[in-house]
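K.L.:
here is my input, please return the structure:
(chains A, B, C and D)
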Protein chains: 2
Amino acid sequence: MFKGSLLEAMVAHASENKKPTDKQQKILESAIRIFAEKGYTNTSTSEIAKAAGVAEGTIFRKYGTKDNLLLSVIVPFLKDLFPAIAEGVFNEVMTKDILSFEDFLRAFLKNRIDFFNENKEIFQIVVKEMLYNTELRNEMLPFFLENVSPRIAKIINVFKERGELADFPTRTIQKMVFTFIGGYFVSNFVLLPENGTDSVDKEIENIIRFVMNGVGTGKKPH
Amino acid sequence: MFKGSLLEAMVAHASENKKPTDKQQKILESAIRIFAEKGYTNTSTSEIAKAAGVAEGTIFRKYGTKDNLLLSVIVPFLKDLFPAIAEGVFNEVMTKDILSFEDFLRAFLKNRIDFFNENKEIFQIVVKEMLYNTELRNEMLPFFLENVSPRIAKIINVFKERGELADFPTRTIQKMVFTFIGGYFVSNFVLLPENGTDSVDKEIENIIRFVMNGVGTGKKPH
DNA sequence: AAGAAAAGTGAGTAAGCACTCACTTTTTAT
DNA sequence: ATAAAAAGTGAGTGCTTACTCACTTTTCTT
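P.N.:
Residues are numbered from 1 along each chain as shown, chains lettered A, B, ... in the order given. Below you'll find the model as predicted:
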């Protein structure tokens, strides 16, 4: 499996901007759909070729290997996944200090839920392969922990200083909030993707209320 | 892949009680270790045989198929996973009404964290295959939603009536709490299994505090 | 319109896979 | 001690897999 090539692939992706042919588009669409449903390892290139209506050789002419086809699917997604949040929202919060932590959460959740809804299948692929594929996990986790995590910590510290967040260790707050939000995304977009329950806005308010106040009443028993 | 055989396998497991030979034990141990690390599909039977120091035929003499080897690994785990909580703790809470929801959570978390620590690798296998393997997911999810979920709902209702839990819809509370606890288990035992941060007791208190009160101060900005 | 470059094809290939089976070794029962 | 049953073996089998390559078709350039 691809060793040390995720970052390379992300850099390479930037300098590559030719638009795909119809058949290349079909290949990508079929790959995304089948990878998302059955997982990368359980999907054969011949199956993708058949679904896309192309010869198997066409896949390999363009992408070289099956690994590289997977990278071609997930790299554009990953490039959108991390920086968009960290840069955009971060700056917005830090410069204009009009936002409360609730407003920050609201903007963040709206933004990411829209993004995952638009890229549901690729998100499913990434989550599945994160768990299943040792190399991919070993490339993505450090990247996240080094690049994204510190920015989140800064945001939390800002709101702790403003007195909006409890005076727990930043690490603890970060872990709790992101475990919950991550769990929410995975359970809603990967585990139970067809449960279209409440409206998105209502769901967001539920999440915010839980993150800020929990489910207790504050009343002690007996 | 195994169709409709999970429940069958769980029933069959009950009436099967011969102790395994040394080699059978080695096969199970190797399978668990390698399945957990690389995933079921990425693991070949020849690799398991080599790791266990047996001939490949030995695996198939005992287990028949690779699928059945996976079932032999996860069925005993699943039989412990669901009923233990639902039956045991449930009754304890409902009869003696000495426990607060916090105490219930504390007992529940202690119990399950111990269980997952003792069966960490099998838990990793189950989580990975839940996401990766369509058939297994389609067998386990309904089972959970039908058998476990209603019991949890009852518990939540009891504490709602006692005024310890906020008057939100039971479904909402259940979803929030279990998304969070599920996310916690997955991130601690599957995604980052080697992060031995704080003591377990301290972690449990953090979880309870977050579930009950969230991370907000209640103070509104400006 | 002609030549070049790019895209697409599909039969073919070697390697790896889950699984079988005739056989040997070990354990159990009498 | 001996026969029967159970456990273990490993070379072999047919199938699927990712990938190749000589070739054809389409698109681009001038």
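
K.L.:
count the neighbours of the closest residue to residue A:2 other than its chain neighbours for me.
P.N.:
Among residues not flanking residue A:2 along the chain, residue A:67 sits closest, at 4.9 Å (Cβ to Cβ, 6 or more residues apart in numbering or on different chains). (C-beta placed from N, C-alpha, C; glycine too.) Residues lying near residue A:67 (other Cβ atoms under 10 Å in any protein chain shown) number 18.

K.L.:
elements contacting the helix or strand harbouring residue A:67?
P.N.:
For residue A:67, the host element (DSSP states H and E) is helix A:66-83. Packing partners of helix A:66-83 (3 or more Cβ pairs under 8 Å, 6 or more residues apart in numbering or on different chains; DSSP states H and E): helix A:6-14, helix A:22-38, helix A:45-52, helix A:56-63, helix A:120-132.

K.L.:
tell me the mean pLDDT over it?
P.N.:
For helix A:66-83, mean pLDDT rounds to 90.

K.L.:
next one: stretch A:142-156
P.N.:
86.

K.L.:
quick one: check that stretch for contact with chain B.
P.N.:
No: Stretch A:142-156 lies apart from chain B when judged by Cβ under 8 Å from any Cβ of the partner chain; the minimum separation is 8.8 Å.

K.L.:
buried stuff in that stretch?
P.N.:
Of the residues in stretch A:142-156, A:148, A:151, A:152, A:155, A:156 count as buried by neighbour count, 16 or more other Cβ atoms under 10 Å in any protein chain shown.

K.L.:
does the residue nearest to residue A:2 really touch residue A:1, like I thought?
P.N.:
Yes: with contact defined as Cβ atoms under 8 Å, residue A:67 and residue A:1 form a contacting pair (6.2 Å).

K.L.:
output stretch A:29-46 as PDB, restricted to C-alpha atoms.
P.N.:
C-alpha atoms of stretch A:29-46 as PDB (Å, rounded to 0.1, in the frame of the first residue of the first chain):
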ATOM      1  CA  GLU A  29     -18.100   8.100  -9.900                       C
ATOM      2  CA  SER A  30     -18.300   4.300 -10.000                       C
ATOM      3  CA  ALA A  31     -15.200   3.900  -7.800                       C
ATOM      4  CA  ILE A  32     -16.700   6.300  -5.200                       C
ATOM      5  CA  ARG A  33     -20.000   4.600  -5.100                       C
ATOM      6  CA  ILE A  34     -18.700   1.100  -4.800                       C
ATOM      7  CA  PHE A  35     -15.800   1.900  -2.500                       C
ATOM      8  CA  ALA A  36     -18.200   3.700  -0.200                       C
ATOM      9  CA  GLU A  37     -20.600   0.700  -0.100                       C
ATOM     10  CA  LYS A  38     -18.300  -2.300   0.100                       C
ATOM     11  CA  GLY A  39     -14.900  -0.800   1.100                       C
ATOM     12  CA  TYR A  40     -11.700  -0.500  -0.900                       C
ATOM     13  CA  THR A  41     -10.400  -4.000  -0.400                       C
ATOM     14  CA  ASN A  42     -13.700  -5.700  -1.200                       C
ATOM     15  CA  THR A  43     -14.000  -3.800  -4.500                       C
ATOM     16  CA  SER A  44     -12.200  -5.100  -7.600                       C
ATOM     17  CA  THR A  45     -11.000  -3.000 -10.500                       C
ATOM     18  CA  SER A  46     -13.000  -5.200 -12.900                       C
END
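
K.L.:
what about it, near chain B?
P.N.:
Yes: against chain B, stretch A:29-46 shows contacts by Cβ under 8 Å from any Cβ at A:37, A:38, A:39, A:41, A:42.

K.L.:
quick check: phi and psi on residue A:216?
P.N.:
Note on residue A:216: its backbone torsions stand at phi -80, psi 170 [degrees, to the nearest 10].

K.L.:
what's around it, how many residues?
P.N.:
Residues near residue A:216, counting by other Cβ under 10 Å: 20.
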